[in-house]
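Chemist: got a sequence here, can you build the structure:
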Amino acid sequence: MADLFSDAWMKTYMEEWNKEPELSDALAKINFSTNIGYGIVGDDKPRGIAVIENGKITSAGTYNGEELNWDLRAKEDSWNKWLEKGLGMASLGAAYVSGKLKFKTGDYTAMIKDPRMAGPFVKSFTVMGRVG
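Modeler: As a prediction, the model looks like this:
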């Protein structure tokens, strides 16, 4: 498997995201467009970025200083656990409250209160598990 959030990993994630209707189609219905950074707690910057336009990832790869609307961070072992086992709504809440999943940028509370975004967000962890 490619290194977590490396250029190759992010490109495979983009393919998996775009072919998952519970993610890309659901977000397209609300015209969801954003830039999401993914990284490791303690790093200066995220490792990878996904640029989303109307629910689909249009580009993904190594983060190179792009503006971010969301910057998600966790320890590498936490990411690996979530990729292996997935993450449900309850475990997502627990990960956030315990500080295992950090939102350096982005509003977790607003996102989780909107089922049109919360469901696809949880689904994104399942899709991450398909990479590799």
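
Chemist: which helices and strands does the helix or strand that contains residue 51 pack with?
Modeler: Using DSSP states H and E, residue 51 sits in strand 48-53. Counting contacts by 3 or more Cβ pairs under 8 Å, 6 or more residues apart in numbering; DSSP states H and E, strand 48-53 packs against helix 7-18, strand 34-40, strand 56-62. Every residue, glycine included, has its C-beta placed from N, CA and C.

Chemist: in the last one, which residues are buried?
Modeler: The reference is to strand 56-62. Neighbour counts over strand 56-62 (16 or more other Cβ atoms under 10 Å) mark 56, 57, 60, 61 as buried.

Chemist: give the partner strands of the strand holding residue 51 in its sheet and their orientations.
Modeler: Strand pairing for strand 48-53, determined by DSSP bridges: strand 34-40 (antiparallel), strand 56-62 (antiparallel).

Chemist: tell me the helix or strand right after the last one.
Modeler: So that's strand 56-62. Assigned by DSSP H and E, the successor of strand 56-62 is strand 70-74.

Chemist: what does that following strand rub up against?
Modeler: Outside strand 70-74, the residues within contact range by Cβ atoms under 8 Å, 6 or more residues apart in numbering are 34-41, 43, 46, 82, 95, 100-106.

Chemist: drop anything exposed from the residues you listed.
Modeler: Among the contacts of strand 70-74, the ones that count as buried by 16+ other Cβ under 10 Å are 35, 36, 37, 38, 39, 46, 82, 95, 100, 101.

Chemist: just the residues you listed now: which is nearest residue 10?
Modeler: Lowest distance from residue 10 to the buried ones among the contacts of strand 70-74 (Cβ to Cβ) belongs to residue 38, with 7.7 Å.

Chemist: how about the contacts made by the closest one?
Modeler: By Cβ under 8 Å, 6+ apart, the contact set of residue 38 is 5, 10, 46, 47, 48, 49, 50, 72.

Chemist: so how far is stretch 13-22 from its chain's centroid?
Modeler: 12 Å (Cα atoms, centre = their mean, to the nearest Å).
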